[in-house]
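# Sequence isn't available, so here's the structure alone:
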């Protein structure tokens with residue numbers, strides 16, 4: 001694991017770490033915990049200062065006599081990382097910062113305004129109706145799940161099926177609309193939404209005009225950025241915002257201009273990649289305008305993924321490209337800030353799809369990395385008194401922990417708590433970043449991985465995406481081997497980071513040369529000077545990645561109150577690394593393996609014999625063999641969870657918590673609740689993890705047709 005930069009101070013503001021969101025709720029936890037004299041070097045990244053907002057909470061039962069606070073998912077809006085991207089700027093005297101708004105709960109910065117709006121309706125039961133073809137749709141239906149409102153969204157009949165599945169996953173009712181020739185999608189959807197809203201007094205129309213009313217209130221994003229600048233002791237001189245996200249851009253720009261920060265608009269060419277929000281949502285005029293074509297936006301998006309490991313939506317890419325162009329005109333000492341509103345995973349079928357681009361008349365570059373020339377080695381200017389801001393690479397870990405006790409009311413009556421770490425807020429949106437950073441960093445330090453070598457990794461998907469991302473960040477070529485079971489979304493995510501993807505034949509059995517794990521292993525053995533094999537299933541650097549980071553975080557975040565840890569295994573790294581760490585800190589902590597029905601782990605735990613695996617659908621967990629990274633010495637118990645129970649829990653999390661996780665998350669939470677109800681003692685504190693994003697499984701876990709084809713009842 002790469003060491004945290006000692007110059008990155010853990011200040012109580014969002015610029016230094018994603019963990020700052022924890023800072024708003026863990027002050028009291030920390031104050032109680034540091035009284036214990038735990039000097040073990042495994043406990044890392046102690047927070048010494050936090051936000052002072054300790055008391056305010058909307059939780060029910062989020063604290064008990066154990067004493068630690070844990071918020072609901074909806075409380076983690078805002079306070080996202082500010083990262084330094086100055087190496088992208090050709091002008092060495094100019095600094096470029098970016099706010100990772102895509103790390104808000106729905107992976108979109110509109111969550112700030114939408115949550116504020118829906119909160120105003122909290123005491124007025126209503127069905128919200130809106131045009132669902134813009135980014136507002138996802139944020140709105142998520143907020144409706146938070147506050148108990150029904151939601152109807154009007155969408156074009158041509159909307160991509162994955163986008164429809166995402167909206168339905170949160171519980172939205174979709175009304176498909178036919179867009180007439182010459183009519184914009186927004187106009188057609190808004191007109192239909194207006195008609196539905198007018199048809200019943202129980203309906204409330206929610207669209208850009210309602211969010212515009214929030215402009216009269218202080219802009220959360222702009223205020224956060226101004227606070228960041230104050231803590232950095234380096235005020236921003238220019239704010240770059242996209243015309244494709246006018247609601248957020250103009251609200252932020254208005255606040256900045258009042259504080260003598262110039263507003264520069266990245267004016268995106270109107271295209272199928274931009275959203276039409278109807279009438280102009282602000283009269284705010286930019287100080288400068290920098291046009292960015294659709295073609296350049298696409299090339300920039302693909303460059304950022306394949307060269308920087310930064311998977312962004314088109315608006316974020318256009319903001320950065322406009323900022324780079326702006327920097328060429330600015331004097332030394334200028335500081336540009338921008339926002340990155342949404343993730344590129346939502347655009348795998350468009351921006352990152354060669355065939356789709358060709359239909360739009362855009363020829364993909366043979367080498368997306370060639371779009372820009374940047375200096376990877378550039379160190380940000382060391383201005384007097386200025387704190388250092390991390391790059392995107394450094395934002396892994398310290399992710400939010402959320403309360404899920406209310407999902408197990410019978411166990412809660414016995415004083416049992418269930419909490420979960422949201423590991424999908426890591427840079428590649430999965431828990432695997434922790435192990436990949438550790439494996440690759442140690443390989444570089446030992447000389448096993450040298451410049452010019454190709455990284456190869458066998459993966460069911462998430463380790464592949466993480467490896468491809470880190471390879472892009474560090475400038476290595478990358479090959480990922482996987483099975484046909486891997487979801488299309490995860491395969492496309494791996495490719496968008498610039499990696500080659502080798503897919504094993506359907507039905508290839510473990511241990512045979514055709515199996516994806518063997519394909520990677522044999523390729524690396526054939527040419528050890530060319531390939532470095534990540535070898536996640538066997539290397540002990542895998543569990544070590546969790547042993548030195550996630551394990552200590554779980555103990556710290558619960559102020560040592562954790563009594564049980566439960567999670568599924570595949571490589572065994574999570575359960576082994578965290579299990580070892582927690583047991584060293586407190587030998588009384590119990591570690592429980594949640595295993596999908598069909599995996600051999602539970603049978604091996606009980607009999608110490610390797611049985612015959614059966615079929616199961618949950619990806620990234622369970623196995624047909626025992627990996628070298630798995631150590632059952634740290635496992636105290638095991639529970640079996642069916643595919644149906646795992647997938648139904650995913651839907652439940654989406655519709656009650658507004659949290660859209662992957663299938664293994666559903667399995668972990670279902671396992672935690674089952675264990676809490678059937679085996680846990682009174683007053684137990686059960687921790688689990690949510691390993692990755694549900695957006696990667698819209699064609700499977702959140703696709704009713706797929707579920708029915710596999711005899712799983714839909715919710």
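Received it, and whenever you're ready, just let me know what you need. What you are looking at is a predicted structure, and each value in this text was computed from that prediction instead of being measured.
# quick one: the strands in the stretch 201-350 of the chain?
Ranges of strands in the stretch 201-350 of the chain, per DSSP state E, counting those that start in this stretch, are 203-205, 238-242, 262-268, 288-292, 335-339.
# okay, how far is it across stretch 410-419, tip to tip?
End-to-end distance of stretch 410-419 (CA to CA, to the nearest Å): 16 Å.
# Tell me how many other residues surround residue 677.
When counting by other CB atoms under 10 Å, one arrives at 14 neighbours for residue 677. Glycine gets a C-beta too; all of them are placed from N, C-alpha and C.
# And residue 475, by the same measure?
11.
# related to what we said a few turns ago, now tabulate the strands of the stretch 201-350 of the chain in JSON lines and tack on mean pLDDT.
Output for those, formatted as JSON lines (pLDDT from 0 to 100):
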{"stretch": "strand 203-205", "mean pLDDT": "91"}
{"stretch": "strand 238-242", "mean pLDDT": "93"}
{"stretch": "strand 262-268", "mean pLDDT": "91"}
{"stretch": "strand 288-292", "mean pLDDT": "94"}
{"stretch": "strand 335-339", "mean pLDDT": "96"}
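# Ok, which of those strands comes nearest residue 91?
Across these, residue 91 has its closest neighbour in strand 335-339 (10.0 Å, CB to CB).
# Sheet partners, orientation included, of that closest one?
Strand pairing for strand 335-339, determined by DSSP bridges: strand 95-99 (parallel), strand 238-242 (parallel).
# Quick one: distance of it to the chain centre.
Centre-to-centre, strand 335-339 and its host chain are 22 Å apart (CA atoms, centre = their mean, to the nearest Å).
# and it with strand 262-268, angle?
Going by axes from the mean of the first three to the mean of the last three CA atoms, to 10 degrees, strand 335-339 is angled at 50 degrees with respect to strand 262-268.
# And the contacts of strand 335-339?
Strand 335-339 is touched from outside by 82, 89, 94-99, 101, 109, 221, 225, 229, 234-241, 248, 252, 316, 319-320, 322-323, 326-327, 330, with contacts defined as CB atoms under 8 Å, 6 or more residues apart in numbering.
# May I see the PyMOL selection of the buried members of the residues you listed?
Only the buried entries of the contacts of strand 335-339 go into this PyMOL selection, using 16 or more other CB atoms under 10 Å:
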select buried, resi 82+89+94+95+96+97+98+99+101+109+221+225+229+234+236+237+238+239+240+241+248+252+316+319+320+322+323+326+327+330
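# Tally up the residues packed near residue 345, please.
25.
# now it: how far from residue 314?
Applying CB to CB, to the nearest Å, the value for residue 345 to residue 314 is 13 Å.
# And the next helix or strand past the lowest-mean-pLDDT helix or strand in the chain?
Lowest on mean pLDDT, DSSP states H and E among the helices and strands of the chain sits helix 27-33, with a mean of 40. Downstream of helix 27-33, the first helix or strand assigned by DSSP states H and E is strand 82-84.
# Can you name every helix or strand that that following strand contacts?
Where contact means 3 or more CB pairs under 8 Å, 6 or more residues apart in numbering; DSSP states H and E, strand 82-84 is packed against strand 95-99.
# list the buried ones in the helix or strand following the strand it packs on?
On the C-terminal side of strand 95-99, the closest following helix or strand by DSSP H and E is helix 111-119. Along helix 111-119, these residues count as buried under the neighbour rule (16+ other CB under 10 Å): 111-118.
# Which of the residues you listed sits closest to residue 506?
Nearest to residue 506 among the buried residues of helix 111-119, counting by CB to CB, is residue 111 at 39.4 Å.
# Give me the nearest residue to the closest one, chain neighbours excluded.
What sits nearest to residue 111 in space, not counting adjacent residues and going by CB to CB, 6 or more residues apart in numbering, is residue 104, at 4.1 Å.
# how far away is the one you found from residue 425?
The gap separating residue 104 from residue 425 is 10 Å, by CB to CB.
# Check residue 410 too.
30 Å.
# Wasn't residue 479 part of a strand?
Yes. Counting by DSSP: H, G, I helix; E, B strand; the rest coil, one finds residue 479 located in a strand.
# Check the burial of it by counting its neighbours.
The number of residues near residue 479, taken as other CB under 10 Å, comes to 23.
# Surely it and residue 497 touch.
No. Between residue 479 and residue 497 there is no contact under CB atoms under 8 Å: 11.9 Å.
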